[in-house]
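*Asks:* Need the 3D shape of this:
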Amino acid sequence: MDVPELRPPPLVRRVAQACADAGGRCLLVGGSVRDHLMGAPVKDWDLEVYGLQPEALERTLGTIARVDTVGRAFSVFKLHAHGLELDVSLPRRDSKVGPGHTGIEATGDPDMDPKEAARRRDLTINAIMVDLADGSVLDPWGGRQDLADGLLRAVDPTTFLEDPLRTLRVVQFTARFGFRAVPELAPLCREAALGELPEERVLGEWAKLLLRGRQPSAGLAFAREADLLRRVFPEHPHAPEVDAALDRAVALRDTLEPEGRQLALMTAVWLAGLTPQAAEATLDRLKLHRWFGFPARERGLAAAAHAGDPHATDAELRWLSTRAEVDLALRAHEALHATSTAAARRRAEILGVLTEAPPRLVEGRDVLAAGLRPGPRVGQVVAAAYAAQLDGTVDDRATALALVDQLVASPT
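*Replies:* Here you go, the predicted model:
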């Protein structure tokens, strides 16, 4: 496998040089190396420093930028400079002392051998390192070959399940990269203690499947093979036709903004066909509500519930906008039924109802001004006027007010 040229940002180069000057060795580790070797841009520059004690490393980093210490026991430092947040850590030893992710005790050890430090990684493709002093690649567990072959393999089967979340990481990697799990990985994942996982960590991996997956069905196929779906989402039957719909939804997802709307779409497709109770229970297992401020749960559930609504006429589109976000419901319909909704989405945009319902032309104060006394009848008249507006029989305020006068004058 050819190694593309690594171009670290200035802050990373300064950290590597300062560590070298202090007698240490700075390695780029984890998913950042994997992405680099795959030719993808490196987003998170995770550094591991060998040969420097925690105090010496903290002093060295402090000469470059502001340092926040995340955990002194396992020595993880965060640098903030020039709009970049950089994680710098010592190699660490992990030991299982209790259930769940919090039951892993980590201790920094600057004298560890890089091969031994890489043993705690989940998969071989994430256990490759780059020495920032000379750009050389350290690959003690055969990750480059697995990367070239498109294979997912545990670095160490004896420690892989110390963090059960790694099983869901295999699922989303399969969906994102199109890689295949080696035969022994599914039986290993079946042994995972999934009940130890907190909801927010499951959500993190599941969101990557839905937001970054190029072929979600591949990840779900592995999840079935490893008996993960039944145990994590018992209310969801995960029908194969939904898998195919999620694959079709990928192209529709990638033209949406923001990311929360993308998640709402994929959630709508994933939950389609479930009862409202089962859909709610499934999202409860993720504690999914808002995603970076966007109401992904609310919009996703509404789109799932109304993806089958008719949308051939302007009136149907306006009525749909009062029940769900039209854009999401139509995209979900397209993914689920393999039928283009582009024309309907364009028409909804012209009508101004693509992402929100039309504002009412009349309100309660208009009904009161027409002579009706306060009471339940006011709301009924407002609702009737809005229904006429959605049907298209009323299309401006003057006509709406005339309808209000007629309704007020008519006997109840």
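*Asks:* I figured Pro157 hits Glu184, correct?
*Replies:* Yes: Pro157 lies in contact with Glu184 (C-beta atoms under 8 Å); the separation is 7.3 Å. (C-beta placed from N, C-alpha, C; glycine too.)
*Asks:* So, low pLDDT: which residues of this protein?
*Replies:* 1-3, 71-74, 94-106, 412 (pLDDT under 70).
*Asks:* At which residues are the strands of the stretch 151-300 of the chain located?
*Replies:* For the stretch 151-300 of the chain, the strands defined by DSSP state E, counting those that start in this stretch occupy 151-152, 180-181.
*Asks:* how about Gly108, phi and psi?
*Replies:* When read as degrees, to the nearest 10, the backbone of Gly108 gives phi -70, psi 140.
*Asks:* beta partners of it?
*Replies:* Arg92 (DSSP bridges).
*Asks:* returning to what we had before: out of the strands of the stretch 151-300 of the chain, indicate the one that is most buried.
*Replies:* Among the strands of the stretch 151-300 of the chain, ranked by average contacts under mean count of other C-beta atoms under 10 Å, first place goes to strand 151-152 (a mean of 20).
*Asks:* Can you list the strands that it pairs with?
*Replies:* Strand pairing (DSSP bridges) places strand 151-152 next to strand 180-181 (parallel).
*Asks:* residues in contact with the partner strand?
*Replies:* Strand 180-181 is contacted by residues 150-153, 170, 174, 222 when judged by C-beta atoms under 8 Å, 6 or more residues apart in numbering.
*Asks:* Distance to Pro374 added to the strands of the stretch 151-300 of the chain, as JSON lines?
*Replies:* Supplementary listing: the strands of the stretch 151-300 of the chain in JSON lines, determined by distance: least, C-beta to C-beta, whole Å:
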{"stretch": "strand 151-152", "distance to Pro374": "66"}
{"stretch": "strand 180-181", "distance to Pro374": "66"}
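*Asks:* Quick one: closest of those to Ala305.
*Replies:* Closest approach to Ala305 among those is made by strand 180-181 (34.5 Å; C-beta to C-beta).
*Asks:* what separates the closest one from the chain centre, distance-wise?
*Replies:* In terms of C-alpha atoms, centre = their mean, to the nearest Å, the centre of strand 180-181 is found 21 Å from the chain centre.
*Asks:* Same check on stretch 321-328?
*Replies:* 22 Å.
*Asks:* For it, buried residues please.
*Replies:* 321, 324-328 (16 or more other C-beta atoms under 10 Å).
*Asks:* about what we covered before: of all the strands of the stretch 151-300 of the chain, which one comes closest to Leu138?
*Replies:* strand 151-152 (19.3 Å).
*Asks:* still on that earlier bit, could you redo the contacts of strand 180-181 as JSON lines and give each row distance to His333?
*Replies:* Putting the contacts of strand 180-181 into JSON lines (distance: C-beta to C-beta, whole Å) gives the following:
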{"residue": "Gly150", "distance to His333": "33"}
{"residue": "Leu151", "distance to His333": "37"}
{"residue": "Leu152", "distance to His333": "34"}
{"residue": "Arg153", "distance to His333": "40"}
{"residue": "Val170", "distance to His333": "31"}
{"residue": "Thr174", "distance to His333": "27"}
{"residue": "Phe222", "distance to His333": "28"}
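*Asks:* Mark which of these are buried, thanks.
*Replies:* 151-153, 170, 174, 222.
*Asks:* and which of those residues is nearest Val394?
*Replies:* Thr174 (52.6 Å).
*Asks:* For that closest one, which non-adjacent residue is spatially closest?
*Replies:* Nearest non-adjacent residue to Thr174, counting by C-beta to C-beta, 6 or more residues apart in numbering: Gly219, 4.5 Å away.
*Asks:* Are we agreed that Val67 is in a helix?
*Replies:* No: using DSSP: H, G, I helix; E, B strand; the rest coil, the assignment for Val67 is strand, not a helix.
*Asks:* Thought Lys78 was touching it, still the case?
*Replies:* Yes: using C-beta under 8 Å, Val67 makes contact with Lys78 at a distance of 7.1 Å.
*Asks:* follow-up on the earlier one: using JSON lines, please lay out the buried residues of stretch 321-328 together with distance to Gly108 and secondary structure.
*Replies:* Formatted as JSON lines, the buried residues of stretch 321-328 follow (distance: C-beta to C-beta, whole Å; DSSP: H, G, I helix; E, B strand; the rest coil):
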{"residue": "Ser321", "distance to Gly108": "55", "secondary structure": "helix"}
{"residue": "Ala324", "distance to Gly108": "50", "secondary structure": "coil"}
{"residue": "Glu325", "distance to Gly108": "48", "secondary structure": "coil"}
{"residue": "Val326", "distance to Gly108": "53", "secondary structure": "helix"}
{"residue": "Asp327", "distance to Gly108": "49", "secondary structure": "helix"}
{"residue": "Leu328", "distance to Gly108": "46", "secondary structure": "helix"}
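*Asks:* Return the closest of these with respect to Leu211.
*Replies:* Taking C-beta to C-beta as the measure, Leu211 lies nearest Leu328 of those, at 14.7 Å.
*Asks:* Next one: that closest one from Pro234, what distance?
*Replies:* 26 Å (C-beta to C-beta, to the nearest Å).
*Asks:* And the chain, what are its domain boundaries?
*Replies:* Described in terms of automatic domain parsing, the domain architecture of the chain consists of the residue ranges 1-150, 258-358, 364-409.
*Asks:* most packed of the ones you listed?
*Replies:* domain 258-358 (a mean of 19).
*Asks:* contacting residues for the most centrally placed residue in the chain?
*Replies:* Against the mean C-alpha coordinate of the chain, by C-alpha atoms, centre = their mean, the closest residue is Ala207 at 2.7 Å. For Ala207, the contact set (C-beta under 8 Å, 6+ apart) comprises 263, 291.
*Asks:* try Val182
*Replies:* Residues in contact with Val182 (C-beta under 8 Å, 6+ apart) are 151-153.
*Asks:* try 10 Å
*Replies:* Contacts for Val182 (C-beta atoms under 10 Å, 6 or more residues apart in numbering) come out as 123-124, 146, 149, 151-154, 188.
*Asks:* out of those, what pair is the most spread apart?
*Replies:* Among the contacts of Val182, the pair separated by the greatest distance (C-beta to C-beta) is Asp149 and Leu188, at 18.7 Å.
*Asks:* Reformat the domains of the chain as JSON lines; add distance to Val250.
*Replies:* Converted to JSON lines, the domains of the chain look like this (distance: least, C-beta to C-beta, whole Å):
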{"stretch": "domain 1-150", "distance to Val250": "17"}
{"stretch": "domain 258-358", "distance to Val250": "8"}
{"stretch": "domain 364-409", "distance to Val250": "33"}
